[in-house]
Structures are given as C-alpha cells and as structure tokens.
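Novice: Provided below are the primary sequence and the corresponding predicted coordinates.
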Amino acid sequence: MTVYTVPFDSEACRDVREVGGKALGLAEMTAAGLPVAPGFTVTAAAYRDFLDENGLRDDVRRILGQVDPDDRSTYDAAERALTERLSRAPLPARVADEVRRAYAELNARIGGGDVPVAVRSSATAEDSGGDSFAGEFETWVDVVGAEDVLAHVHRCYLSVFTGRVLSYAVERGIDLRTVEMAVVVQKTVRARSAGVMFTLDPITGDRSRIVLESSWGLGLSVVGGEVTPDRYVVNKVGLSLDQRVLGDKRVEYRRGDRPVPVPEDRRERLCLEDHEVLALAALGRKLEQLQGRPQDIEFAVDEDLPQDANLVLLQCRPETVWSSVKRAPAFDAGTGLMSWIVGSIGAGARTPAGAGDGHGHGGHRHG
Amino acid sequence: MTANDHSRFPFFNEAQAPDGAAGWESMYPYFLVPSEETREEENSRFWFADTMHWSRGVHPFDSIGAEAVYLGAGQNSTRIFVLPTSLGLDVRVVNGYVYISPIAVTDPEEIGRRASFFQERAGYYYANWDELYGRWKEKMLAAIESMRTLKFTPLPELDPVEVVTEARGRSVSWDVIENYHRLIDEFFLVWQYHFEFLNLGYGGYITFFQFCRQAFPQISEQDVARMVAGVDVLAFRPDDELRRLAVLAGELDLADRFAGFTATSAADALLDALAGTENGQVWLKAFEKAKDPWFNYFAEYGFTHDQDTWAGNLSIPLTGIARYVAKLQAGEDISRPVARLREERDRLVAEYRALLTEEEARQFDELLNLARTVFPYIEEHNIYVEHWAHAVFWEKAWELGGLLVSAGFTRERDDVFYLNRFELDTVLFDVVESWAIGVPARGSKRWQAEIDRRRGIMAALQSQVAPPAYGIPPEQVTDPFAVMNYGVTTERVQEWLGAASGGDARLTGIPGGPGTVEGVVRVLRTENDLGLLQPGEILVAPITAPSWAAAFSVAVGVVTDIGGMMSHAAIVCREYGLPAVVGTGFATARLKTGQRVRVDGETGVVTILTEAGE
C-alpha cells in the first residue's frame, strides 16, 4: 500500500526523494532528539497520485510546452491555465483519508481538539537536494481543522506552477515536471520570540561563531525583513555569549495572518534571555555536528510550553553562501611577519649545516 | 601645550617639569635626554611611556635599565636576527619617566633584503629551539653566578699581607674598579640574552595568532592565548611554594600562628615563635629550603633599586602564606586548578581544530606547535632576568652604596642611586685613588650637595604620573611587539588622544582575563601598599608582575595602565581566572580608591558605576 503520510519521528520520513529537504531536516532533528514541533509529512507519492488520478500530466506537459522563456507574459498565462486546471482536480480520496487520519493522530498526541498547524511545501527534485527552491513556495500558519489542512495541501500543489516558480525553474533549467511536492504539516508554535540562527557568522564566514537574529512573535517578521531583529553572537567554542545588539522591533506576528504593532515597552527590550540564546546555540552546534556542515536554522520560543522545554527548532537547511563559495585557505601567509616566520621554519630545517656545529651565528661571544 | 590638538601628543620640548624638578636633565646620560640637536628627529616620532618596566620616575643610577633593555632589544632586532620590518626601540627619559619609540623599516626593498637574513637566522633558532634555550639557561645562570661572586667590601687601611706574600703586585682596592665594571658588563649581557629569544618567541606566537585570526576572524585574543599557554610553568613556582607552605602549616597544626599576620607585622617575631616548637622547626626547614631560589623574587618587577624581594622582606611571602592558611581554614581549596586548566586548553584546541579543513588543520598543528615551543620562554624568562639577575644586581649596587658611606664619600647607603652609572664610575675612581694617595676623597663635598639637590628633584618627579605618550602618533600601530607586549594599539592611541581632558565614566584597555566583575577600586602605585588591598576589591596598578601573587588571591579583578595580551598581568589573571583589563593608559590616574567599577575582561572596558563614598 502506498504511504501518503509519515510522522517526523518515523524512519520513512528520512527518504528525501519522498519527503523533500524541509521534511528530511525536521525528521533528522527529531531523530537526534532535538526539540522540533510535532507533525507529519504528506509524501510525494500523494502528489504523484493527485496528478495521475486526475489525468493531469498531459495537461501539465501541454501547458508548460507553451511557455516561451523570452516572453514573460506566457508565464502568467501558464500559471492561470494550470491553476484553473489543478484547482478543479480533487485530492484522491485515499490521500484525503490518510491526511485526515494523520491530523487526527496529531490532535490526539497533543490533546484537546483541533491543533493549529503550519502547512509548508517541501519540494523534491531529481537533480538537486531540498535546498533548491528555497523560499519560492509559500507557508501558511494557523491552519485549523482537517478540511482546512486538506485545502492547504491542495494550495501547496498549485503553488508548484506559480509564475514566480516558473521563472525560477526556467532560469535554472529545471523541468517542473520533475519537481514533486511533499507537504509538511506541523503544530504551529505560539512564539513569544522567534528568528533565524546561522552556525557561522554570515558576515565574516567565521565558523567559530553562531549568530542569531530574533524578534517578538513568529519568525515571519525576521524572515520578511519587517523588523530590525535583536542580534546575538555566540562563540561556538565554549558557548559564550560574545555580543548582544538590540534591534528595533516595531511589529510582530502573534498569528500568521497579519502583523500587529509591538507595544512601546517591548520594542527596545531584548527578546531572548541570555540562557535561551546559549541553549539555542547549543542546539545549533549539535545540529551542525550532526549534519557535518554549517546550518541555517529557524527557531522559536514557545510561550505555551514550560520554561525548560520551550525552545523549538522549526526548520534547518545547509548554509549555502559561505559553504558554496570555494573558501580561500584560512592561512594566507602572503605578507608580513607571518610569511617570514613560516618561511624561516623551512629555512632553519633546510640549512642546519649552514649553522656549522651549532655554535656559529655569533650568539656566543661571551665565554 | 596643545591641549586642544587631537592629532598629536605634546612634543618633548613642550613637556613641563613639575615644580621643584627643574634641571632633572642633568641627572641622566646625555643620550637618554631629549636635546635641541635631536629635537627634529624626536618630534617626528611617536613615543609612549614604558611604565610597564618603570612605573615611577627613575633614579639616575636606575636608568641603566633603560640603557640595557633597549641595547639588547636593538642588537637582537636590528643586527643579530635582522627583523624585516622593525629595528630597535629608541629610548628617552622625560621628567624621569622612560619613553620608547619603535623604529620601523618601510622601504620594501630593504624589508626584502632583511627578510632573507631573518629567515636564515631565525630559522636556525626555531629549528633548534629547545637545545638553544637549554644553553640559554646555562649561560644566564652563569652570568647571575658571576655577578654574585663580585664583592664590594669597604677599603681596609692597608692592603692584606697576601698582596705581598703572593707577590700580586695589585692592590685589593683595584677590585672595586674591576668588579664595578664587571657588574655593569654582566648586567648588559643579561639583557642581551633576554632579547636573544624574546622577539623570536613573540614572533612564533604572533604567527599562530594571525593564523587563528584568518581562520576565525572573530576569535578572541583570550582563546588564542589559552590554547598556547603552559600550565606548569616556572612563573607560578614562587606562589606555588607559598601554597605548599600554607598546606604544611596546616598539617603541622601551626595554622593559628599565622592568624592576623599582615604586611606590616614583624616577620622576625613570627619566625622566632615558630623556632620555639618542634613542629615549627620542621616548618622553618621547609621555609628555608623554599627561599633559594624561589624567594629571590621581586614583589614588583625589579627594575628599580628600591623594590623588595621576598627574601629581602620576609613579611611579603609570610603575608601570602597567612592568606592561604586563612583560606584553608575557611575550607577553601587553594590548589591551582591545573587539571581543569589543562582540560580546558585541550578542549579549546580540539573544538577549534574540528572546525578547520584537513589542510588547515595541518597548518594549525604546525603553528600551534611552534607557538607552544616558544611560549615557555615568554612565560619563564622573567624569573631568570627580572627576578634572579636583578635581585643580585641590586644587592651588589647596595653594597656599592655601603662602600661609599664607609669611605666617607656619602652619608646614606641609597645616595649611590642619585648618581648615574658613568658618574659612579668616576666617583669610585676618585674614592680609590684618594684612598691610595692618602687624602680625603676630592669630590665628596661637591657630590653631597648634588645628591641633596637630586633628592628634591626625584621627589618632585615621582609625585607626577607619566602622560601616556609624546609626539606624532602613527595612523596605524603596526609594530607587533608594541601591540602584543605593551598593549599600544591604534585604538588605544586614539583614546589617549581623545581622553586628555578626562571626565569620561569609561576607560578602555585590552581584554586581559575573561569574565566580568563589579567591585570597589583600590589604587596601588607600588607593591609596598599591597597590604592595603582588601578581599573583594579591584586592584588598579600601573602594572602587575606575576609576583603580586598574594594580591591575585585577594582581588576580584585587575586593571592596569600598561600591558598587552602577553603581559604578565594578563597571563597571570587568566591563570587565576580573574577578569582583567590591561593597557588602559590612565587607570591609576583616573580611577580613585573607593569608586565602584565594572571590569569587563571580554571587551576590555572599565566602567565607573559610583564615586567613592556614594
């Protein structure tokens, strides 16, 4: 039987071809015992069956075939045509049943009625890992009830063919027919504060630092650049807090739909306690060690959860900017004292004979 | 003066002598004093106060230190190892304080030429470091021993009969002249040895430091130093001896004998009381054994004649022991956390290394190895030079003072320090020749008057604090030794320029020991005031040598006027886990005893929180 949903803590959620990069990251964090809000992934198989059972593949090929890379108006036409076609196609009944069941299970696990969830796309593509399409697809938070969850899974499928994604794919020579859409459904955090953490300094590339940017409420305001977040720099070695820079946090998302102004007294107060910064950094460092490379991590401090268990990681992906540039060797002995001394280490080792019996070189005039 | 000119410091010729100090220039050798003929050259340069070595105005005889230090530094930098970008440090005495100016090589062609010499010569030392350092210790100890054998005994009425029976043909009075010359020679030699390894040592360390800065742009100076620092080094031995003796006192049931002993207590009374019991005698035996060589140790730095060694003033080590005894009785663990320090060091190294690529890790290993090879010298050499050699040197200088008094030339033993070394040479000749002829020394009256005049001048000079710098500052301070050892950085110089008017509640320096602490200030200008320091206070001093050990176990934080990451204050504060800010330039002048301050050893900032008495 085809598997349509897999919880983050199941082994099946580690198959990147079926769950996409975003879900894989959550599954790996869960497996490593890192604090991740619970949820499940609607697999790529569900998307495939959606296309197959509605006979959509031919339409997709036909409509995408009409796109002229040099004519942007054809992108919009294709988006309109595909949206119209896909939105009329229902989710297969077996997929819908599975999603309802998985959502009910999530509710049962947390307890107390329909849990508000975030619905996010987790695209998979043959030729690239999960980090392609980063930020191209939408995320919805505070989705409540099974039917609304299904509606948003459906919206995720539609989002594969927006004009924005089309142009992204055309620019990179990606055939959108090879893109499959898995969907992450995850309990929405009640974020007192949230933000982004890099396990290197994104400005200098220093791998011994962890930098966090955080603001009040959900992380949307940080990611969307609507606030100047507070900034924290932590020494990865020894985990000490090196620097706190107070931001200017004018708005916050209490819920996912719209920002509200931050009351005056909180704007200029740091939104993370020192111990929270250090605990988050410890999680970041652990994740980097687990993944074997620097990470870009979204996090939140959940105000519903008890003090000692309120830190939540929402998403992680490999850091791409510094990791993808071919790093210059750390040691550039090109100039100055360093080069002469490094040169001299060699010189001394090469020419001990030049120093005669070791009593030459004039250092021994005094008897 | 140019109080409003923020682009430069005053020139030497704009410096005002304090009241009562007019004519101070005449006390020092001409080449140490700014002059009209050299003014253009002097005014074109940047000079900063070497209060690290001389925290107070120097007596004429003591200015031999300024000659010796910068002779040795120059010889080794300029002529022996041929440092590519720097020659020596020029030196002047202004209003009694020592100022130095790094001389840079800027012509690229000349730098290249010097670099090839440097690589060959420095390379030989780096490749054979341990063996050469072993030999250094031998010749250093030999020089110290040679000084120790010199005798300056009062001249007898007649030469001893052996001069005749052994047919020496040479009067014992000539020993005074010869021994004086030998003393001076050995002193200069010791300082040449000092710099034989020092610059190369710093160079090896700085290379590792720069590697770390390239690999980890934000790595703190602290972390680099902690990866390199030794755990069991000679520098901590004297203090370890005090701890050991405190433990022994506890074991022998002698703890209450030490209760209430302070720097002003009488050492003899305590020692006599101890000698009266069997256990006390056991303890005294251990105490005697520790004395040589570990109490040949200056409470400060040994650059002036008027400093006590522990051996010379047993109240100092006994106070330290008493403090440790009290701690033990309060149930505290007084052992240096050697295992923890070693663990911490290994963890730091492993964690930084793990962040590097394989190729980088290989370079990291190589340079860390170099830094650790050279670092013992940086940490240990002071014991040999500043403590052991200087202790003997000053002991002999005081003997000369006694000789002059016994010859009726001077009234006080310390009169000798009001003569510079050239003047003393002529005075000794006068004494010996007058003795030989059988007439009163011819210069006695004249020099008595001059010494009286100079006493007044010295008192006036020492009543003032040295301004941190003179002349035109460089846009960038690039001299690595000025930066690492003296803590004179571009930022610091700019702050000095800006802070001339004062009134700021913040003082910036170099982060010396990690951590942040708040406490009450105790400004101590000399080690003689150490007894004033109360537990929980923040020690503010011109500079602290490792030998202010007793203070480190009492103070909760340290602030100094001068010193860099590699200065002894910083090394020791890290060892003791004390937050420290070094190289502030003004701390002893700007901070007042009783003020409450915050010392942030991570950022190097000292903040005045409340004024004294608030």
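Specialist: Thanks, I have the structure now.
Novice: mind showing which ranges of the stretch 1-150 of chain A have poor pLDDT?
Specialist: Residue ranges of the stretch 1-150 of chain A with pLDDT under 70: A:125-135.
Novice: would you mind naming what in it lies close to chain B?
Specialist: Residues of the stretch 1-150 of chain A lying near chain B by CB under 8 Å from any CB of the partner chain: none. In this view, the C-beta of every residue, glycine as well, is placed from N, C-alpha and C.
Novice: name the SS class of the residue in the stretch 51-200 of chain A positioned nearest to chain B, please.
Specialist: Closest contact between the stretch 51-200 of chain A and chain B, by CB to the nearest CB, is at A:Leu200 (8.9 Å). Secondary structure, DSSP: H, G, I helix; E, B strand; the rest coil: A:Leu200 is coil.
Novice: surely it and A:Asp206 touch.
Specialist: Yes: counting by CB atoms under 8 Å, A:Leu200 does reach A:Asp206; the two are 6.3 Å apart.
Novice: neighbour count: these two, which is higher?
Specialist: Using other CB atoms under 10 Å in any protein chain shown as the criterion, A:Leu200 and A:Asp206 rank with A:Leu200 on top: 26 against 22.
Novice: and the more buried one, what does it touch?
Specialist: Shown in contact with A:Leu200 (CB atoms under 8 Å, 6 or more residues apart in numbering or on different chains): A:Asp206, A:Arg207, A:Arg209, A:Ile210, A:Val211, A:Pro294, A:Glu319, A:Trp322.
Novice: ok, and which of those residues reach chain B?
Specialist: Residues of the contacts of A:Leu200 in contact with chain B (CB under 8 Å from any CB): A:Asp206, A:Arg207, A:Arg209.
Novice: which helix or strand contains the second one?
Specialist: Think A:Arg207. Secondary structure assignment for A:Arg207, by DSSP states H and E: no helix or strand.
Novice: okay, now it: neighbour count?
Specialist: When neighbours are defined as other CB under 10 Å, A:Arg207 has 26 of them.
Novice: got a list of what it touches?
Specialist: Taking CB under 8 Å, 6+ apart as the criterion, A:Arg207 is in contact with A:Thr199, A:Leu200, A:Lys236, A:Pro294, B:Phe216, B:Leu355.
Novice: can you give the distance from the helix or strand hosting B:Ala66 to the centre of its chain?
Specialist: B:Ala66 belongs to helix B:64-74 when elements are defined using DSSP H and E. Counting by CA atoms, centre = their mean, to the nearest Å, helix B:64-74 is centred 13 Å from the centre of its parent chain.
Novice: taking the mean pLDDT, what do you get for that helix?
Specialist: For helix B:64-74, mean pLDDT is 96.
Novice: and that helix, which residues are buried?
Specialist: By neighbour count with 16 or more other CB atoms under 10 Å in any protein chain shown, helix B:64-74 contains the buried residues B:Ile64, B:Gly65, B:Ala66, B:Glu67, B:Ala68, B:Val69, B:Tyr70, B:Leu71, B:Gly72, B:Ala73, B:Gly74.
Novice: how about residues contacting the helix or strand hosting B:Ala249?
Specialist: For B:Ala249, the host element (DSSP H and E) is helix B:237-251. The contact list for helix B:237-251, computed with CB under 8 Å, 6+ apart, reads B:255, B:257-258, B:283, B:286-287, B:290, B:294-295, B:297, B:310, B:317, B:320-322, B:324-325, B:327-329, B:334-336, B:383, B:546-547, B:549-550.
Novice: and if we set it to 6 Å?
Specialist: Helix B:237-251 is contacted from outside by B:255, B:283, B:286, B:290, B:294, B:297, B:317, B:320-321, B:324-325, B:328, B:334, B:549, using CB atoms under 6 Å, 6 or more residues apart in numbering or on different chains.
Novice: spell out which residues of chain B are next to chain A.
Specialist: With the criterion set to CB under 6 Å from any CB of the partner chain, chain B comes near chain A through B:84, B:115, B:118-120, B:122-124, B:126-127, B:189, B:203, B:207, B:210-211, B:214-219, B:351-352, B:355, B:360, B:363, B:480.
Novice: strands - which of these land there?
Specialist: Among these, no member falls in strands (DSSP state E).
Novice: out of those, which sit inside helices?
Specialist: Counting by DSSP state H, the part of these found in helices is B:115, B:118-120, B:122-124, B:126-127, B:189, B:203, B:207, B:210-211, B:214-215, B:351-352, B:360, B:363, B:480.
Novice: nothing else from me, thank you.
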